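>>> got a predicted structure plus its sequence, pasted below:
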Amino acid sequence: MSAVNSPASGGGNKKVVLWAIITTSVASFMAGLDQLVIITALPTIKDKLGGSLTDLEWTVNAYTLSFAVLMMFGAALGDRFGRRKVFSLGLLLFTGASAAAALAPGIEELIAARAVQGAGAAIIMPLSVTLLTAAVPAEKRGTALGIWGAVNGLSVAAGPLVGGAIVEHLSWQWIFWLNVPIGLVLAPVSMRMLAESKISGSRLDAVGTVLASLGLFGIVLGLIKGHGDGWTSPLVLGSMIGGAVVMVLFVVWENHTEHPMVPMRLFRIKAFTAINLAGALMSVGMFGAIFLMTQFFQSIQGYSAMETGVRLLAWTAMPMVVAPLGGMVSDRIGGKPVVTLGLAMMTAGMVWWAFVLEPGTSYVAQLPSLMICGAGMALFYAPLMNLTMGSVKEHEQGIASGVTAATREVGAALGVALLASIFSANGGYASPQNFVDGLVPAMWVGAAAVAAATLSMLIAPGRKAGGPPVAQSASTAPSASQSAPAPATGTAGAAAAAEESAPAAVR
């Protein structure tokens with residue numbers, strides 16, 4: 001398959017490069033911000049729209065699930081029909097869904113809009129990297145992708161704070177209205193300033209995408225409905241069993257189709273499987289925890305939305321400080337021990353939380369757990385991409401990284417559903433103590449998930465017998481310009497690069 005590019009492609013024109021960096025970085029910032037910007041608005045949304053805990057879960061999971069399932073499919077659409085064109089359409093889809101979310105008269109309409117937002121983000125994120133790589137000369141690609149990654153990381157760190165500030169000083173609807181003028185400007189600018197490229201002969205795995213979507217939806221629906229409807233109710237059992245069966249069908253399909261969305265052969269590699277299992281379990285614990293903790297800060301401890309966002313910076317902004325140090329250490333001792341240490345620190349931070357949580361627990365008492373979790377997350381993400389790259393053959397690196405990205409997003413959706421279910425089974429909103437009665441066991445379950453992730457990395461293969469480390473260090477791994485997806489790289493490379501530079505609090 002060869003790449004087909006427009007005449008304006010790539011050649012180093014400074015104006016083209018500058019606009020490529022601006023448009024792709026701002027677009028990814030907008031999509032990244034919306035993963036966590038809603039977190040600090042959840043109590044307000046619950047009050048204004050009258051949603052239950054289940055509804056709040058879906059306002060988060062609708063975005064995360066559609067993003068996880070459709071990310072690689074969205075990149076494949078760009079490969080086939082033109083990345084610039086599909087990217088611009090993705091921006092308009094995200095923008096329209098943001099307006100629909102802001103205008104939502106009820107919680108059901110908001111959830112539906114969030115699902116469409118996630119679909120738009122699944123197009124924007126991977127294609128923004130592919131388009132940026134196509135526009136920037138190889139010798140400057142590392143710098144350009146570094147800027148993109150820094151902006152994307154900032155979006156996640158700023159999400160709770162921006163959401164809190166908007167809710168406190170404007171209204172919750174403005175966390176979505178904020179996207180509309182940005183998207184309406186970016187879409188035409190992208191069509192005018194970015195070069196077009198596509199891969200001739202590329203194929204879409206529509207069947208695999210539908211099967212994965214239905215299977216994951218069924219499992220998550222069962223987890224969310226389990227406590228309220230009963231774990232043996234027909235809806236819950238049907239959803240979870242049906243979802244599991246469909247996921248089996250997905251695996252069978254991916255093993256037999258000529259153009260699989262997820263090549264199952266990768267999971268025969270022990271190191272790759274361990275890395276993906278660790279990433280999914282980490283997301284289960286951490287994303288579920290932050291979903292509940294934001295409500296604890298606001299509903300129980302009485303902090304405003306903005307005050308909550310400021311306090312969460314001890315967690316969400318920590319990766320921006322610690323990740324560079326983690327990367328340097330991994331260059332010296334390898335990625336596996338750094339990732340394992342990071343997971344162990346996250347486990348310790350959540351255990352700390354579980355021990356100190358009471359309705360009147362001071363922020364100072366909680367601060368060490370926030371900082372330990374944030375620092376551990378930074379150590380987890382810093383060498384993760386080199387570990388993923390080093391676990392597979394060179395020609396499989398792009399698709400492997402894309403799969404790793406999707407499994408972490410799936411883990412995040414499952415984490416919200418699982419920990420909220422544990423919370424509901426043991427407590428609720430009846431009183432501050434009732435809330436804590438549910439929160440503490442949920443926190444223990446989250447800590448157990450991250451502890452299992454730590455174990456997964458401990459038993460993962462480290463070095464091949466008589467050979468180099470499975471995980472390449474930064475000094476031996478491909479540079480940003482070498483490993484980034486070139487214009488012909490396609491779906492997997494785009495998704496890979498999108499995740500490589502996003503050490504976010506929830507990924």
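Alright, I've got the coordinates. Computed from a predicted model, the values in this text were never measured in an experiment.
>>> from here on, just use CA atoms for contacts and neighbour counts.
OK.
>>> quick one: contacts of stretch 105-118?
Outside stretch 105-118, the residues within contact range by Cα atoms under 8 Å, 6 or more residues apart in numbering are 49-51, 55, 58-60, 62-67, 93-95, 97-98, 100-102, 104.
>>> which of these fall in helices?
Among the contacts of stretch 105-118, the ones falling in helices (DSSP state H) are 49, 55, 58-60, 62-67, 93-95, 97-98, 100-102.
>>> ok, back up a step: ok, of the contacts of stretch 105-118, which come out buried?
Neighbour counting with 16 or more other Cα atoms under 10 Å marks 51, 55, 58-60, 62-67, 93-95, 97-98, 100-102, 104 as buried within the contacts of stretch 105-118.
>>> and H227, what's its pLDDT?
H227 is assigned a predicted lDDT (pLDDT) of 67.
>>> same check on T347?
So T347 comes in at 93 (pLDDT).
>>> what about it, which SS state?
helix (DSSP: H, G, I helix; E, B strand; the rest coil).
>>> quick check: closest non-adjacent residue to it.
Excluding the flanking residues, the one nearest T347 by Cα to Cα, 6 or more residues apart in numbering is A447, at 5.1 Å.
>>> residues near the one you found, how many?
Burial measure for A447: 29 neighbouring residues, criterion other Cα atoms under 10 Å.
>>> and it, how close does it get to G342?
Here A447 is placed at a distance of 13 Å from G342 (Cα to Cα, to the nearest Å).
>>> what do you get for L223?
L223 is 28 Å from G342, by Cα to Cα.
>>> residue ranges in the stretch 101-250 of the chain under the pLDDT threshold?
Across the stretch 101-250 of the chain, the ranges flagged by pLDDT under 70 are 138-147, 149-150, 152-154, 156-157, 198-202, 227-229.
>>> over to the stretch 351-500 of the chain?
Across the stretch 351-500 of the chain, the ranges flagged by pLDDT under 70 are 382-386, 388-392, 394-399, 401-402, 462-500.
>>> redo that, cut-off 50
Low-confidence segments of the stretch 351-500 of the chain (pLDDT under 50): 463-500.
>>> helices of that one, start to end?
Here the stretch 351-500 of the chain has its helices, by DSSP state H, counting those that start in this stretch, at 363-381, 384-390, 397-426, 432-458, 480-483, 491-500.
>>> which residue, other than its chain neighbours, is closest to G411?
Counting by Cα to Cα, 6+ apart, A280 is the residue found nearest to G411 once chain neighbours are left out, at 4.4 Å.
>>> so which bits of the helix or strand containing F272 are buried?
According to DSSP states H and E, F272 maps onto helix 270-295. Across helix 270-295, burial judged by 16+ other Cα under 10 Å covers 271-295.
>>> just say which of the helices of the stretch 351-500 of the chain is most tucked in.
A comparison of the helices of the stretch 351-500 of the chain by mean neighbour count, using mean count of other Cα atoms under 10 Å, puts helix 491-500 on top with a mean of 28.
>>> hmm, D34 is touching A158, no?
No: D34 lies out of contact with A158 (Cα atoms under 8 Å); the separation is 10.3 Å.
>>> neighbour count: the two, which is higher?
D34 (26 against 23).
>>> and the gap between that one and S28?
Taken as Cα to Cα, the span from D34 to S28 is 10 Å.
>>> do the same with F272
Applying Cα to Cα to F272 and S28 gives a distance of 27 Å.
>>> now do the same contact list for V251.
V251 touches M264, counting by Cα under 8 Å, 6+ apart.
>>> which element is it on?
Using DSSP H and E, V251 maps to helix 234-256.
>>> what residues of that helix count as buried?
235-244, 246-247, 249-251, 253-254.
>>> chain center to that helix: distance?
Distance, stretch centre to chain centre, for helix 234-256: 23 Å (Cα atoms, centre = their mean, to the nearest Å).
>>> do the same with stretch 278-297
In terms of Cα atoms, centre = their mean, the centre of stretch 278-297 is found 12 Å from the chain centre.
>>> could I get the average pLDDT for stretch 253-272?
When pLDDT is averaged over stretch 253-272, the result is 80.
>>> end to end, how far does it reach?
Length of stretch 253-272, first residue to last, Cα to Cα: 21 Å.
>>> go on, stretch 38-55?
One end of stretch 38-55 to the other measures 13 Å (Cα to Cα).
>>> so for it, what's the average pLDDT?
78.
>>> in it, which residues are buried?
Neighbour counts over stretch 38-55 (16+ other Cα under 10 Å) mark 38-45, 51, 53-55 as buried.
>>> most widely separated two among those residues?
Greatest spacing in the buried residues of stretch 38-55, by Cα to Cα: T40 and T54 (16.5 Å).
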